[in-house]
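Colleague: Could you work out the structure for the sequence below:
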Amino acid sequence: MLKVHRSQHSIQLAVTQLVVTEAFYAGILELPVRRSFTSKGAPDHLIIDMDGVAIIFVEESDVIKAHPVLEPRFSMFPRGIGITLHFEVTEIEDIRDAVMEEGLEILYPLELKPYGVKEMWCFDPDGYLIVLDEIIQLNKKVL
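Modeller: Residues are numbered from 1 along each chain as shown. As a prediction, the model looks like this:
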């Protein structure tokens, strides 16, 4: 099998539509998302290579085509239950505004934490829980 990413480990997530997933992760979160170059007949997918772990997004319909035995499970269990993806971002206020503009659900609104991080929890278009952190520089007092 040809490896489609550089990372040693990978996680594959099923999504409804790759174009919507790409708009969220590349457009709103500005993560390094790339489309796969697949051979004829192979499913299209998105890849985020991140320091040793790749996240691969594949459309649910393609997963079901390849593995029909999984189809009943997709209808029994909502996507994303028990999965949380954490990303360090910049310009988190702009991300918050875009998430709100798209009507995506925010679980915990943007908050400045006492340890120097702006944090927000939201759901992606497929219901995966996303935790976003932006590290800020705290003013240090000179002793």
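Colleague: going forward, measure contacts and count neighbours with C-alpha atoms only.
Modeller: Noted.
Colleague: so how far is Leu18 from Leu46?
Modeller: 7 Å (C-alpha to C-alpha, to the nearest Å).
Colleague: Identify the contacts common to the two.
Modeller: 57-58 (C-alpha atoms under 8 Å, 6 or more residues apart in numbering).
Colleague: For the most centrally placed residue in the chain, which residues are in contact?
Modeller: With distances taken as C-alpha atoms, centre = their mean, the residue of the chain nearest its centroid is Tyr25 (5.7 Å). Contacts for Tyr25 (C-alpha under 8 Å, 6+ apart) come out as 31, 33.
Colleague: In CSV, list the C-alpha atoms belonging to the helix or strand bottoming out on mean pLDDT in the chain.
Modeller: Least confident helix or strand of the chain, by mean pLDDT, DSSP states H and E, is helix 71-76 with a mean of 85. Output in CSV follows, covering the C-alpha atoms of helix 71-76 (Å, rounded to 0.1, in the frame of the first residue of the first chain):
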residue,chain,number,x,y,z
GLU,A,71,-22.7,1.0,7.1
PRO,A,72,-25.1,0.1,10.0
ARG,A,73,-22.6,1.5,12.5
PHE,A,74,-22.6,4.9,10.8
SER,A,75,-26.3,5.1,11.3
MET,A,76,-26.2,3.8,14.9
